[in-house]
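Q: okay, sequence plus prediction incoming.
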Amino acid sequence: MTEKEKMLSGKLYQAWDAELLEERQKAKELCFRINHLSPSQSQERKALISELLGQESDACLESPFNCDYGYNIKAGKGFYANHGCTILDCAPVNIGDNCLLAPGVVIATAGHPLDPVERASGEEFAKAITIGNDVWFGANVTVCPGVTIGDNVVVGAGSVVAKDLPSNTVCVGSPAKPIREIGTKA
């Protein structure tokens, strides 16, 4: 099993593998190009974003935007990431339609072993993150590996999402917890 196959299957893997290094380098080059385009170069920006994500996309990614691979990010229609968004997409990041990320949001599928010897060996793991439709993250929200967030969720600024969050809730804190339910439009 290759290191990439291990990464995508949630097993411990070596991130410094040559294939993974090359793929991350390609994504970083694309992010660099996206981040240095003039705001008026919207067509070029859209083409680069689609290339980064590996699919035709209407995603709006404000600069600076950074990710590890790009191809593991599946963004639905109407996705908006404000300035300073980072997505560590070592595992799939599935984002529903009409999701909004305020400035400074971090979505991280990557993690490291707690054992210091394993951690020092360069081993890491990745767990997929799923975000439902019509979700809004306030500024500086951090989403940890393996989390699923339901539809119509609002996560307050500065919150750390370490566990699954149910649909139709407002969630805040570290760790983020539902503080109230919200209605949905019929």
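A: Yep, it's here. Residues are numbered from 1 along each chain as shown.
Q: how about the helix or strand of the chain with the lowest mean pLDDT as PDB, C-alpha atoms only?
A: None of the helices or strands of the chain scores lower by mean pLDDT, DSSP states H and E than helix 116-120, at a mean of 91. Backbone C-alpha positions of helix 116-120 (Å, rounded to 0.1, in the frame of the first residue of the first chain) are rendered in PDB as follows:
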ATOM      1  CA  PRO A 116       5.800  11.100  21.100                       C
ATOM      2  CA  VAL A 117       7.900   8.300  19.500                       C
ATOM      3  CA  GLU A 118       5.300   7.700  16.800                       C
ATOM      4  CA  ARG A 119       4.900  11.500  16.300                       C
ATOM      5  CA  ALA A 120       8.700  12.000  16.000                       C
END
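Q: what are the contacting residues of that helix?
A: If you take Cβ atoms under 8 Å, 6 or more residues apart in numbering as the criterion, helix 116-120 is touched by Leu12, His112, Pro113. The way it works is simple: take the backbone N, C-alpha and C, and place the C-beta from them, glycine included.
Q: can you put these in JSON lines and add neighbour count?
A: Below are the contacts of helix 116-120 laid out as JSON lines (neighbours: other Cβ atoms under 10 Å):
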{"residue": "Leu12", "neighbour count": "16"}
{"residue": "His112", "neighbour count": "15"}
{"residue": "Pro113", "neighbour count": "14"}
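Q: looking at the residues you listed, which are in strands?
A: Among the contacts of helix 116-120, none falls in strands (DSSP state E).
Q: so what's the residue lying closest to Glu23 once chain neighbours are set aside up against?
A: Among residues not flanking Glu23 along the chain, Tyr69 sits closest, at 5.6 Å (Cβ to Cβ, 6 or more residues apart in numbering). Shown in contact with Tyr69 (Cβ under 8 Å, 6+ apart): Glu23, Arg24, Ala27, Asp89, Cys90.
Q: what's the closest of these to Leu37?
A: Ala27 (16.1 Å; Cβ to Cβ).
Q: ok, and the most crowded of the contacts of Tyr69?
A: Cys90 (27 neighbours; other Cβ atoms under 10 Å).
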